[in-house]
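Colleague: sequence plus predicted model, see below.
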Amino acid sequence: MLSDNLFSLPETATGFPSPAETCWEPPLNLQDYLLPHPAATYIFQLRTAWPRFRLQAGMLLLVDRALRPQPQCLILQMHEGAFRLVRFDGSQAEVWGVITHAIQRYL
């Protein structure tokens with residue numbers, strides 16, 4: 001009678017186990033890291049620099065509308081039909097979203 005698994009090799013341990021076997025980490029997933037709320041996250045590209053906030057023209061801003069702003073965080077605000085970048089001080093009523101990341105391309 002033939003075995004169903006003709007090409008399997010027997011499992012035999014040889015030598016010492018790797019010291020790194022217990023140090024395994026899952027791979028980094030940038031989507032999980034950058035987009036905790038994908039359905040509520042928007043990406044904006046800056047047309048002009050905002051040196052006050054250390055933001056350069058061309059940067060991508062990730063804006064999460066599901067988050068509540070914390071004091072001094074950077075927010076996107078709708079003002080007279082246009083978006084504005086401001087620091088949240090607790091009194092702004094027109095918070096459109098919270099800026100969670102700014103991505104700069106170097107190449």
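Modeller: Now that the structure is in, tell me what you want to look at. Numbers count the residues shown, from 1 in each chain.

Colleague: for the protein, give me the ranges with low pLDDT.
Modeller: Regions of the chain meeting the criterion pLDDT under 70 cover residues 1-13, 92-93.

Colleague: and Arg84, how many neighbours does it have?
Modeller: Residues near Arg84, counting by other Cβ atoms under 10 Å, number 13. The way it works is simple: take the backbone N, C-alpha and C, and place the C-beta from them, glycine included.

Colleague: number of nearby residues for Leu34?
Modeller: Leu34 has 16 neighbours, counted by other Cβ under 10 Å.

Colleague: so it sits against Leu62, correct?
Modeller: Yes - in this structure Leu34 lies within contact range of Leu62 using Cβ atoms under 8 Å: 6.0 Å.

Colleague: residue ranges for the strands of the chain, please.
Modeller: 41-45, 60-64, 74-79, 82-87, 95-103 (DSSP state E).

Colleague: find residues that contact each of Leu34 and Leu62.
Modeller: 100-101 (Cβ atoms under 8 Å, 6 or more residues apart in numbering).

Colleague: outside of stretch 31-43, which residues touch it?
Modeller: So stretch 31-43 is contacted by 60-67, 97, 100-101 (Cβ under 8 Å, 6+ apart).
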